[in-house]
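> Quick one: sequence plus predicted model below, questions after.
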Amino acid sequence: MTKKTTRRDLLRGGLAIAGAGAFATTAARAQGDPAITELQPWMQQLGEGVDARPYGMPSPHEAHVKRRSVEWLTADPVSSVNFTPLHDLDGIITPNGLCFERHHAGIAEVDPAQHRLMINGLVDYELVFTMEDLARFPRHNKVYFLECAANSGMEWRGAQLNGCQFTHGMIHNVMYTGVMLRDVLATAGVQTAGKWILPEGADASGMTRSIPMDKALDDCMIATHMNGERLRPEQGYPIRLVVPGWEGNMWVKWLRRIEVGDQPWHHREETSKYTDLLADGAARRFTWAMDAKSVITNPSPQAPLTHGAGPTVLTGVAWSGRGSIPRVDVTIDGGKNWHQARMDGPSFDKSMHRFYFDFDWDGKPMLLQSRAHDSTGYVQPTKNQLRQVRGENSIYHNNGIQTWAVDARGEAENVEIG
Ligand SMILES: Nc1nc2c(c(=O)[nH]1)N[C@H]1C(S)=C(S)[C@@H](COP(=O)(O)O)O[C@H]1N2
Ligand SMILES: [Mo]
């Protein structure tokens, strides 16, 4: 016979799960809570109708969730960067309006009717496509992260910016819809000598990068949509190049031309920029794939623990330009003990992964770190391990382990340990 469950039983069951009610309010304590006893304004009037919000926006209570920039970082906002508010997000997808932006000459406002994609150079047929032409190639859907090689660059010499939005926010993770670059190149007929491509952007910076043909024919896409809707102007509307797992600079936005050549061009963005100056003065050439990396997004400096000791959800994101992330380790005592985090959500190659560590906080100060393992077996290094190999002159490609010091009040700070 099944026992009839009373409300009292349910409450008791709930409390037992919560460990003596560490995070539950008992019915007795809740007595007189106006959130329960008072009729709220939204309970007393009709809401707006279906025509009021043809393109919906987040609740006004979420107005703090926004991209932010660091004023002193660059000389001018048109050649600058803003950062994804990682600490305010969950799951693995970055909402379109919150994807960090990196422009070298501001946002190009392109009229798709006046935009063309040209293929020229070492091809049998030099071709020009309208946006309509591109829509006639087979379409594909893929989730990929885009990380600027400069992400965490300000942290090379030591802990600096107070918030994962600023230390790790030059990344977004989006589902792209688009056509395979290899299908488009095939119509032009790449000649045997064609070993490299040079995509070029239609913005005033005329961004160009050399990309080896193997990568171009492997998984590169010409994207038209992000998270189901057309690309945003900030992200390269109407088309951008998607170069899975490789540094963000190669993902040319407002794509207008692809030249096929027999050798790399060595333009600005692959020589004086986006290369790493090693200790001996030599520069690392062509660092394309972004190595495995992770960061704890909550708690973090912009997202303190406010509930005190007891059940606590720690979470963060991890990614690798070389594959997926089967495992993330987490420590709350600065690396004395490591715990395997719980991976949750879809796991795609070269996509962001979400991890959680659900634990009972004793209310004492903590030193939080996360360490990603990728599907190739590579393990995310400490910042000191990176410095041993790369010296102190680097800016780009910092995938070292991040530390947050959490004090007894739950406030978090960017620090570096041993
Ligand atoms: N045409 C063009 N493409 C560009 C850039 C640019 O300034 N112009 N910036 C590059 C850099 S450095 C990065 S990190 C990514 C940023 O993409 P996002 O603005 O979608 O975040 O775009 C790349 N593609
Ligand atoms: Mo970048």
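Cool, got the structure. Numbers count the residues shown, from 1 in each chain. Ligands and ions are numbered 1, 2, ... in the order given.
> Pull up the residues of the stretch 1-150 of the chain that are close to ligand 2.
Arg102, Cys148 (CB under 5 Å from the ion). The way it works is simple: take the backbone N, C-alpha and C, and place the C-beta from them, glycine included.
> and with 6 Å instead?
Arg102, Cys148, Ala149, Ala150 (CB under 6 Å from the ion).
> how about those in CSV, adding neighbour count?
Listed next are those as CSV, based on neighbours: other CB atoms under 10 Å:
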residue, neighbour count
Arg102, 19
Cys148, 22
Ala149, 24
Ala150, 20
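> Max pairwise distance over those: which two?
Arg102 and Ala149 (10.2 Å; CB to CB).
> Overlap of the contact sets of those two?
Common neighbours of Arg102 and Ala149 are listed as Gly248 (criterion: CB atoms under 8 Å, 6 or more residues apart in numbering).
> overlap between the residues of the stretch 1-150 of the chain next to ligand 2 and the residues near ligand 1?
Arg102, Cys148 (CB under 6 Å from any ligand atom).
> In strands, which of the residues of the stretch 1-150 of the chain next to ligand 2 fall?
Arg102 (DSSP state E).
> Closest one of the residues of the stretch 1-150 of the chain next to ligand 2 to ligand 2?
Of all those, ligand 2 sits closest to Cys148, with 3.3 Å by CB to the ion.
> Would you confirm that that closest one contacts Ile171?
Yes. At 7.4 Å, Cys148 counts as touching Ile171 under the criterion of CB atoms under 8 Å.
> burial count for the nearest residue to Val110 once chain neighbours are set aside?
Distance criterion CB to CB, 6 or more residues apart in numbering; nearest residue to Val110, sequence neighbours excluded, is Trp254 at 5.5 Å. Residues near Trp254, counting by other CB atoms under 10 Å, number 26.
> Relative to the whole chain's centre, how far out is the helix or strand harbouring Asp214?
According to DSSP states H and E, Asp214 maps onto helix 213-218. Helix 213-218 has its C-alpha centroid displaced from the chain centroid by 24 Å (CA atoms, centre = their mean, to the nearest Å).
> what pairs with the very next helix or strand once past it, and is each one parallel or antiparallel?
Counting by DSSP H and E, the next helix or strand C-terminal to helix 213-218 is strand 221-226. Sheet pairing of strand 221-226 (DSSP bridges) gives strand 171-180 (antiparallel), strand 229-230 (antiparallel), strand 240-242 (antiparallel).
> picking up where we left off before, between Cys148 and Ile171, which contacts overlap?
Phe100.
> Deepest in the core, which of the strands paired with strand 221-226 is it.
Comparing these on average neighbours per residue, with mean count of other CB atoms under 10 Å, the densest one is strand 240-242 at a mean of 24.
> So what touches the helix or strand just after that strand?
For strand 240-242, the following helix or strand on the C-terminal side (DSSP H and E) is strand 255-261. Residues outside strand 255-261 that contact it (CB under 8 Å, 6+ apart): 115-123, 181, 185, 188, 190-191, 194-202, 210, 213, 222, 236, 239-241.
> Mind doing that once more with 7 Å?
115-123, 190, 194, 196-202, 222, 236, 239-241 (CB atoms under 7 Å, 6 or more residues apart in numbering).
> Filter these down to the buried ones.
115, 117-123, 190, 194, 196-202, 222, 236, 239-241 (16 or more other CB atoms under 10 Å).
> Out of those, list just those in strands.
Short answer: the buried ones among the contacts of strand 255-261 in strands (DSSP E) are 117-121, 196-201, 222, 240-241.
> Can you give me the end-to-end span of stretch 36-45?
End-to-end span of stretch 36-45 (CA to CA, to the nearest Å): 18 Å.
> Same check on stretch 94-105?
Start-to-end span of stretch 94-105 (CA to CA) is 24 Å.
> got it, and stretch 394-401?
16 Å.
> distance between stretch 292-308 and the chain's centre?
Its chain's C-alpha centre and that of stretch 292-308 lie 15 Å apart, by CA atoms, centre = their mean.
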